[in-house]
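Engineer: Next come a sequence and a model predicted from it.
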Amino acid sequence: DLSTDKASYNDVLPSMNIAFDLASDVILRASAAQVISRPNYADLFATTKLPGFNDGTPGNEKAVTGNVGLLPFKASQADLGIEWYFSSEGLFAATYFIKDVSSFISTKEKLNQQIGIEDPNLIKEGVSSCGVGVYDCWTVSENFNATGGSIDGIELQLQDAFDNGLGYSVNYTFADASSPAENYADRVGVFSDSSKHTVNLVGYYEMDDFSVRAAYNWRSEYMMRELPGFYGNREHQAYGTVDLSANYNVTDYLSVTFEVVNLFEEDSIQKGVAPLDAEGVINEFKANYPVWSFEGEARYQLGMALRF
């Protein structure tokens with residue numbers, strides 16, 4: 001059958017930025033704006049995809065339907081910050097930020113639905129969560145316009161460099177990103193991919209022909225929600241890595257680089273944290289069930305660059 005649908009939206013997006021010199025080395029900054037981020041174009045097609053059809057893994061059966069009426073991620077935001085330039089290379093900055101989210105895109109799901117299509121995976125295995133002999137059994141997923149939520153927090157930054165080539169940069173962010181639990185199939189009322197605490201530490205030594213840098217990046221737990229995804233609605237546990245890099249200019253034309261990623265082989269661990277009464281996720285994503293674990297590995301890379 002041929003069908004048509006349409007949707008539209010209009011927005012006015014004002015913005016304002018102010019900077020005021022409190023002293024010769026101190027700047028006060030403030031900004032406010034309304035912002036949007038448009039939905040992915042592919043999510044607007046009013047068609048149904050079957051990404052788990054006959055993929056060899058029973059239980060992956062999913063029917064994903066697009067939505068032409070998806071609105072952009074829209075928010076009113078503001079921040080207030082102060083910067084102190086205490087030396088020629090030194091900076092200390094503190095910023096308070098707030099974001100009032102009026103709309104964003106989330107996913108609603110219904111388990112064990114019949115859509116008129118039997119999946120060969122279930123027929124071959126002879127098992128189905130819909131019951132014995134029922135091989136038309138799908139998780140039906142659709143993006144929708146979620147509403148409500150707020151993000152506020154503080155960011156601190158400290159950096160400096162010295163005449164002997166040594167330097168450092170420190171950054172810490174606290175973000176409280178809450179949203180009504182009914183916006184999510186897992187009933188966990190926090191925005192996706194948002195950690196409450198994030199820390200970045202960098203130390204380096206730089207000379208004309210040689211440089212070396214060490215970086216430590218850490219973030220607290222955060223929710224992962226794939227749109228669509230068989231393994232969405234899971235919480236990634238706190239994760240931090242140490243990375244190293246070095247560069248040596250052998251001549252004006254030849255340089256050698258060395259890099260190490262995840263030096264201490266930090267593991268990636270993910271849990272299902274949905275409450276037991278959440279109807280939109282399977283049981284493996286509930287009650288702190290250990291969903292996924294990737295054994296961390298260190299990656300070493302040696303390279304050469306020749307310039308003509």
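Structural biologist: Okay, I see it.
Engineer: Only C-alpha atoms from now on, for both contacts and neighbour counts.
Structural biologist: Fine.
Engineer: Start from the N-terminal end of the stretch 101-250 of the chain and give the helices.
Structural biologist: Applying DSSP state H, counting those that start in this stretch to the stretch 101-250 of the chain gives helices spanning 120-125.
Engineer: low-confidence ranges in it?
Structural biologist: Applying pLDDT under 70 to the stretch 101-250 of the chain picks out residues 227-231.
Engineer: Please, where are all the strands along it?
Structural biologist: Assignment of strands within the stretch 101-250 of the chain using DSSP state E, counting those that start in this stretch yields the ranges 138-146, 150-161, 166-178, 197-206, 210-219, 222-224, 234-236, 239-249.
Engineer: quick one, which of those strands is packed in tightest?
Structural biologist: strand 234-236 (a mean of 25; mean count of other C-alpha atoms under 10 Å).
Engineer: which strands and helices sit next to it?
Structural biologist: Other helices and strands packing on strand 234-236, by 3 or more C-alpha pairs under 8 Å, 6 or more residues apart in numbering; DSSP states H and E, are strand 222-224, strand 268-272.
Engineer: start to end distance for stretch 52-62?
Structural biologist: End-to-end distance for stretch 52-62: 6 Å, by C-alpha to C-alpha, to the nearest Å.
Engineer: Could you give me the buried positions within it?
Structural biologist: 52-54, 58-62 (16 or more other C-alpha atoms under 10 Å).
Engineer: Include secondary structure when you put the residues you listed into JSON lines, please.
Structural biologist: Below are these laid out as JSON lines (DSSP: H, G, I helix; E, B strand; the rest coil):
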{"residue": "Gly52", "secondary structure": "coil"}
{"residue": "Phe53", "secondary structure": "coil"}
{"residue": "Asn54", "secondary structure": "coil"}
{"residue": "Pro58", "secondary structure": "coil"}
{"residue": "Gly59", "secondary structure": "coil"}
{"residue": "Asn60", "secondary structure": "coil"}
{"residue": "Glu61", "secondary structure": "coil"}
{"residue": "Lys62", "secondary structure": "strand"}
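Engineer: wait, which of the residues you listed is closest to Ala298?
Structural biologist: Among those, Asn60 lies closest to Ala298 (C-alpha to C-alpha), at 31.4 Å.
Engineer: Next up, the contacts around the closest residue to the closest one other than its chain neighbours.
Structural biologist: Counting by C-alpha to C-alpha, 6 or more residues apart in numbering, the nearest residue to Asn60 once its immediate chain neighbours are dropped is Gly52, at 5.0 Å. For Gly52, the contact set (C-alpha atoms under 8 Å, 6 or more residues apart in numbering) comprises 60-62.
Engineer: which one of the residues you listed is nearest Pro72?
Structural biologist: Using C-alpha to C-alpha, Lys62 comes nearest to Pro72 of those, at 24.8 Å.
Engineer: Minimum distance to Phe92: which of the strands of the stretch 101-250 of the chain has it?
Structural biologist: So among the strands of the stretch 101-250 of the chain, strand 150-161 is nearest, using C-alpha to C-alpha, at 4.6 Å.
Engineer: for that closest one, packing partners?
Structural biologist: Using 3+ C-alpha pairs under 8 Å, 6+ apart, the elements in contact with strand 150-161 are strand 91-113, strand 166-178.
Engineer: so can I have CSV of the ones you listed showing distance to Leu122?
Structural biologist: As requested, the helices and strands packed on strand 150-161 are exported to CSV (distance: least, C-alpha to C-alpha, whole Å):
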stretch, distance to Leu122
strand 91-113, 13
strand 166-178, 39
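Engineer: between those strands, which one is nearest to Lys6?
Structural biologist: strand 91-113 (17.7 Å).
Engineer: just checking, what packs against that closest one?
Structural biologist: By 3+ C-alpha pairs under 8 Å, 6+ apart, strand 91-113 packs against strand 73-84, strand 138-146, strand 150-161.
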